[in-house]
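Novice: next come a sequence and a model predicted from it.
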Amino acid sequence: MSRWQELTGGTSGDEYAARFEALARGGKDVHGEAALCASLVPPGSRVLDAGCGTGRVMIRLAELGYDCVGVDLDASMLDVARERAPGLPWYRVDLAAFDPAALGVAADFDLVVAAGNVLPLVTPGTEGDVVARLAGALRPGGLLVAGFGLDTAHLPVPPVLTLGEYEAHCAAAGLSSVARFATWDAAPYDDGGYVVGVHRRDRP
């Protein structure tokens, strides 16, 4: 069972969506992830939203002209995403077993985004498998963009994935580091408790 399922019971879709709606009403910019992705690849690019949740990031990218696919394991989150954007492709998938071909989806994405602490909340012990699966969905030269907490202040669970471990998983999957930020608005990484890593797939 994933840490996310243990934490939420797989029933938090409406609550999660309501929290971001409240932030938006309060004037908070809730599209930082989409903005960073849009700065990295041009409109029309194929984007996989891995751990898409209620679809906040993917729906925004689709509005900006990106060709998007969303995958998540939490049915309650996907219910919200499908209600909000029924015309977009949403799939219920365990990222540790993600196989684009099984869904009839081409594994040639220009960018894969994993926002919202996806990697620390997967099933314990599958972090490397998830990174490998996401890397395998990229075309050569494609980018993996992942943001996640490294300490208790930035995570809803105890820290489980260090930056060094994540970098090792990326290297094993044929990814090289392109950039590292402290926030989704591209502030330079300062060895703090949250990181947004950008990696490129170097080998077929």
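Specialist: Cool, got the structure. Numbering: from 1, shown residues only.
Novice: and the residue nearest the centre of the chain?
Specialist: The residue lying closest to the centre of the chain (C-alpha atoms, centre = their mean) is Ala114, at 1.3 Å.
Novice: if I read this right, that one contacts Cys52, doesn't it?
Specialist: No - counting by C-beta atoms under 8 Å, Ala114 does not reach Cys52; the two are 9.5 Å apart. The C-beta positions use only the backbone N, C-alpha and C, and glycine is treated the same way.
Novice: in this protein, which ranges drop under the pLDDT threshold?
Specialist: 10-30, 204 (pLDDT under 70).
Novice: swap in 80 and give it another go.
Specialist: 1, 3-31, 203-204 (pLDDT under 80).
Novice: and the helices in it, which stretches?
Specialist: 3-8, 13-25, 32-40, 56-63, 75-84, 127-136, 163-172 (DSSP state H).
Novice: could you find the closest non-adjacent residue to Ala135?
Specialist: Ala173 (3.8 Å; C-beta to C-beta, 6 or more residues apart in numbering).
Novice: Val131 is in contact with Glu167, isn't it?
Specialist: No - the pair Val131 / Glu167 is not scored as a contact, 10.0 Å apart, by C-beta under 8 Å.
Novice: determine the longest strand present in this protein.
Specialist: The single longest strand within the chain, with elements called by DSSP state E, is strand 138-149.
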